[in-house]
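Chemist: return a 3D structure for these sequence lines:
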Amino acid sequence: MSVSGSVNYQTRGRAKSEFFDAGHRNFITDFSQASVPNWRDPEWIKEVYPTPDRAIEKLGSNVNINYSPMKGADFHLSGGFSKTQNLFGFSTQAPAITTTNDNKYGMLSGEVKGFSFLSSVVSGSQRLSREVYDYTYFDEYVDYNIEVTDNFSLRPAINFQQASISDTKYAGTVLTRPFQGRFEMYNLGLSVKADYTAGGFRFIAALRGDKFKYPDDWYFSHQLIANYQVNKNNTFRAIVARSNGGSYMEDTYFNLTSVTKPPTPSHPFKNEIRLFGNK
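Modeler: As a prediction, this is how the structure comes out:
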């Protein structure tokens, strides 16, 4: 058994102390001089810019435990947390945007008697200026290596992933809720890989099917690989493969409307943006 741990901290000051004011078309150092009324509200500034003099602040910690009770059996347990805050330029309507991401994670993986497995969870909250939501991700994976012959093996596997997002607990606050509720997504993946060697040749073929919540259908991907090792230092490889992009929370569930009516110093034109998810 072995145990290790780490702690890391990073902070950076801003290269400039000014913020660009789009209404004045100039840089300001005092928010009370801002052309937009919101930026002259101390409570608003405290909410959007908690540390206006800092560009980045990160804090993280990790713990790892490795355990090998017998030959052919290895287990790995890890966990930790991270807290991140960034300030960077974003749009003409705001001089800069503060983003935060606080999360914690746990993972257990191992190999025993031909089986490999991994189980992990990540949960936390993310915020972009005033848009905020909580999230949780689960990932479960198991495969089994079948030695058919000395030079031919099969590896079937199953993979389940689940994610949830919620902004319900921020109802009634000054923060913006980009999803307006709690939603989840998942996909089930089944795959098999064949591996065959003959002389200097090695052939690998893999097929995977994914069943998503949205779109509610099976999607298949494949990979064919041929390797030929000419000598110790030279190998030729040919690959034919196809993969599918996954489905995403924002594309599926995002629900946000932004309307700007003239005139304002920073935005003299009417602007209406509506974002709707599509299952």
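
Chemist: alpha carbons only for contacts and neighbour counts from here, please
Modeler: Fine.

Chemist: centroid residue for this protein?
Modeler: residue 137 (9.2 Å; CA atoms, centre = their mean).

Chemist: buried sites along the host helix or strand of residue 86?
Modeler: Residue 86 is part of strand 73-88, with elements assigned from DSSP states H and E. Going by neighbour count (16 or more other CA atoms under 10 Å), the buried part of strand 73-88 is 74-87.

Chemist: closest one of those residues to residue 2?
Modeler: residue 76 (9.7 Å; CA to CA).

Chemist: thought residue 69 was touching that closest one, still the case?
Modeler: No. Assessed by CA atoms under 8 Å, residue 76 is found out of contact with residue 69, at 11.6 Å.

Chemist: what is the burial count for residue 99?
Modeler: Using other CA atoms under 10 Å, residue 99 has 20 neighbouring residues.

Chemist: identify the bridge partners of the spatially closest residue to it that is not a sequence neighbour.
Modeler: Of all residues not flanking residue 99 in the chain, residue 128 sits nearest, at 4.6 Å (CA to CA, 6 or more residues apart in numbering). When assigned by DSSP bridges, residue 128 has beta-bridge partners residue 99, residue 131.

Chemist: with residue 82 instead?
Modeler: Under the criterion used (DSSP bridges), residue 82 bridges to residue 60, residue 103.

Chemist: where does pLDDT dip in the protein?
Modeler: Along the chain, the parts satisfying pLDDT under 70 run over 89-95, 260-269.

Chemist: hey, which helix is longest across it?
Modeler: helix 42-48 (DSSP state H).

Chemist: which residues touch that one?
Modeler: For helix 42-48, contacts defined as CA atoms under 8 Å, 6 or more residues apart in numbering pick out 38-39, 97-98, 129-130.

Chemist: stretch 170-189 now?
Modeler: With CA under 8 Å, 6+ apart, stretch 170-189 has contacts from 130-133, 158-168, 208-214, 249, 253-256.

Chemist: make it 7 Å
Modeler: 130-132, 158-168, 208-213, 253-256 (CA atoms under 7 Å, 6 or more residues apart in numbering).

Chemist: now the helices: where do they sit in the stretch 101-250 of the chain?
Modeler: 249-253 (DSSP state H, counting those that start in this stretch).

Chemist: in it, which spans are strands?
Modeler: Here the stretch 101-250 of the chain has its strands, by DSSP state E, counting those that start in this stretch, at 115-128, 131-144, 146-149, 152-166, 182-198, 201-212, 218-231, 234-242.

Chemist: show me how far the fifth one is from its chain's centre.
Modeler: Right, strand 182-198. 19 Å (CA atoms, centre = their mean, to the nearest Å).

Chemist: now do the buried residues in it.
Modeler: 185-197.

Chemist: equivalent analysis for the second one, please.
Modeler: Along strand 131-144, these residues count as buried under the neighbour rule (16+ other CA under 10 Å): 131-144.

Chemist: quick revisit: out of the buried residues of strand 73-88, flag the one nearest to residue 49.
Modeler: Nearest member of these to residue 49, counting by CA to CA, is residue 87, at 8.3 Å.

Chemist: and the gap between the residue nearest to that closest one when sequence neighbours are not counted and residue 30?
Modeler: Nearest residue to residue 87 in three dimensions, chain neighbours excluded: residue 98, at 4.5 Å (CA to CA, 6+ apart). Here the criterion is CA to CA, to the nearest Å. By it, residue 98 lies 17 Å from residue 30.
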